[in-house]
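# Structural data only, the sequence is not supplied:
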């Protein structure tokens, strides 16, 4: 059980909640803050004070005053009208993360929402009731309005939820459970949808996947080095300490650890003086990607515990301020940065694949790792697929955050496009995982040809694990299932 407080949620805890189905509970102090904030909203309604989102319209309609008798209808109209997402739905793990993050943000007690709404969210997490949420339609300010509206629909008994991989009407689920849908009160609709939880939820999943893939890229590269008689001098600690980046130092140390005891790696001058950059500069390139991951982790853990709706309520309701915490620019930048960092892991991997298959570069391995060169093509087109994926990544890596389109009658005249960046980062991670799966297949084939007995003990364990799901290239076959199996294995290692 993980207790949500509104300010202490970590990526490790999100991993446990999302992937290990750990339950959540609500911090009593947080619930007390929520109660006080709600009392302030009720007081504003009673006193008929004009406050944005409580008794006014939204966006360009912010100057339209709403009668007290219509405040409930206002919130329901808001949720329905903003539920206009399109395209494929977010994966269920992203939906689950979105519910957790919205719940955690509301627990901060600045949003004026009732405790029973938060308790319903917690129930949804613990009972695995995950909204079906279309991926496309968010500008990333005023937050993720369309995706979060689809999330909020489930609370009011509309929309759909995931049940065993199928989209089922939320009304059916609540009826089956004997639970009435929530009837939203003043400000609650706005509090539910004004935030960055779609881009942040996808960002959390992206980070967890990217971190696992970055570790995987190192043992895969180590196997490639063994197949190519790689020179380990380039990982000497003094080189990396001389530059000073801790991430670079750490990658070099892990590479030496993976390769300790290998009879295939060499020293400078034994076979050649230097390796190509895709091997020799591995700590510098991978280390830089680890720097990106560190930046992204820092921003995500701030945003995961941030109040991102509008307006926010302070001083027991004495201060209600409209601001712009819903603007997704910090996460937009982080996701665009993540795209570049992960794309580079794939770029350098593809260059190592080329060295494994190219008879001019692969240290005497068969051309294209073919068991019968000419009659059988071996890994020739595997490199093509890797090249295609890294080329696609280059287009996806274009920063989404440099774009902005005005909306709501030019009231919302600068937006972040952060959710687009997060979605594209997810696509890049999947592509990179497939590239690394191809490198793993080629590297294990190279090591098989050399003789696995002389591999380093740690890379040999990985080699043996791969052998349980795919064979080295011993004849031409359909390689798509092999790539998919290795990619699944890599994903599960996270």
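Everything's here; your move. Remember, it's a predicted structure, so these values are computed and weren't measured experimentally.
# tell me which residues in the longest helix seen in the chain are buried?
Counting residues, the longest helix found in the chain (DSSP state H) is helix 418-450. Neighbour-count burial for helix 418-450 flags 418-426, 428-450 (criterion: 16 or more other C-beta atoms under 10 Å). Where you see a C-beta, it was placed from the backbone N, CA and C, and this is true even at glycine.
# swap in stretch 371-380?
Within stretch 371-380, judged by 16+ other C-beta under 10 Å, the buried ones are 376, 377, 378, 379.
# And stretch 16-25, by the same measure?
Neighbour-count burial for stretch 16-25 flags 17, 18, 24 (criterion: 16+ other C-beta under 10 Å).
# you'd agree residue 463 is in a strand?
No. Read with DSSP: H, G, I helix; E, B strand; the rest coil, residue 463 is helix and lies in no strand.
# which SS class is the nearest residue to residue 136 once chain neighbours are set aside?
Distances taken as C-beta to C-beta, 6 or more residues apart in numbering place residue 87 nearest to residue 136, at 3.7 Å, with adjacent residues excluded. Put simply, residue 87 is strand when judged by three-state DSSP.
# so where's this protein uncertain?
59-60, 62, 493-494 (pLDDT under 70).
# middle-most residue in it, spatially?
Residue closest to the average C-alpha location in the chain (C-alpha atoms, centre = their mean): residue 206, at 1.6 Å.
# wait, doesn't it sit right on residue 424?
No. The criterion here is C-beta atoms under 8 Å, and residue 206 misses it with residue 424 at 9.8 Å.
# Need the overlap of contacts for these two.
Here residue 206 and residue 424 have residue 335 as joint contacts, going by C-beta atoms under 8 Å, 6 or more residues apart in numbering.
# and the helix or strand containing residue 172, what does it pack onto?
Element membership for residue 172, per DSSP states H and E: helix 170-177. If you count contacts as 3 or more C-beta pairs under 8 Å, 6 or more residues apart in numbering; DSSP states H and E, helix 170-177 packs onto strand 160-163.
# Show the contacting residues for the residue nearest to residue 136.
Shown in contact with residue 87 (C-beta under 8 Å, 6+ apart): 134, 135, 136, 137.
# burial measure for the first one, as a count.
Neighbourhood size, residue 134 [other C-beta atoms under 10 Å]: 17.
# tell me the contacts of it?
By C-beta under 8 Å, 6+ apart, residue 134 lies in contact with 85, 86, 87, 88, 89, 90, 146, 147, 150.
# Test of understanding: give the bridge partners of it.
Bridge pairing for residue 134 (DSSP bridges) gives the partners residue 89.
# quick one: it from residue 203, how far?
18 Å (C-beta to C-beta, to the nearest Å).
# Name the SS class of residue 139, please.
Once three-state DSSP is applied, residue 139 turns out coil.
# Quick one: neighbours of it, just the number.
Residue neighbour count, defined by other C-beta under 10 Å, stands at 24 for residue 139.
# Now do the contacts for the spatially closest residue to it that is not a sequence neighbour.
Counting by C-beta to C-beta, 6+ apart, residue 139 lies nearest to residue 415, which is 3.9 Å off, once chain neighbours are set aside. With contact set as C-beta under 8 Å, 6+ apart, residue 415 has these partners: 139, 140, 141, 327, 328, 404, 405, 406, 407.
# Distance check, the third one against residue 413.
Residue 141 sits at a distance of 10 Å from residue 413 (criterion: C-beta to C-beta).
# same check, this time on residue 147
Residue 147 sits 21 Å away from residue 413, going by C-beta to C-beta.
# between these two, who's got more neighbours?
residue 147 (32 against 12).
# so which strand or helix has the more buried one?
Counting by DSSP H and E, the element that carries residue 147 is helix 145-155.
# do residue 410 as well
Using DSSP H and E, residue 410 is not contained in any helix or strand.
# next one: phi and psi at it?
phi 70, psi 10 (degrees, to the nearest 10).
# In contact with it, which residues are there?
By C-beta under 8 Å, 6+ apart, residue 410 has no neighbours at all.
# how near is it to residue 191?
With C-beta to C-beta as the criterion, residue 410 and residue 191 are 25 Å apart.
# same check, this time on residue 358
Going from residue 358 to residue 191 by C-beta to C-beta gives 58 Å.
# Could you give the number of residues near residue 84?
13.
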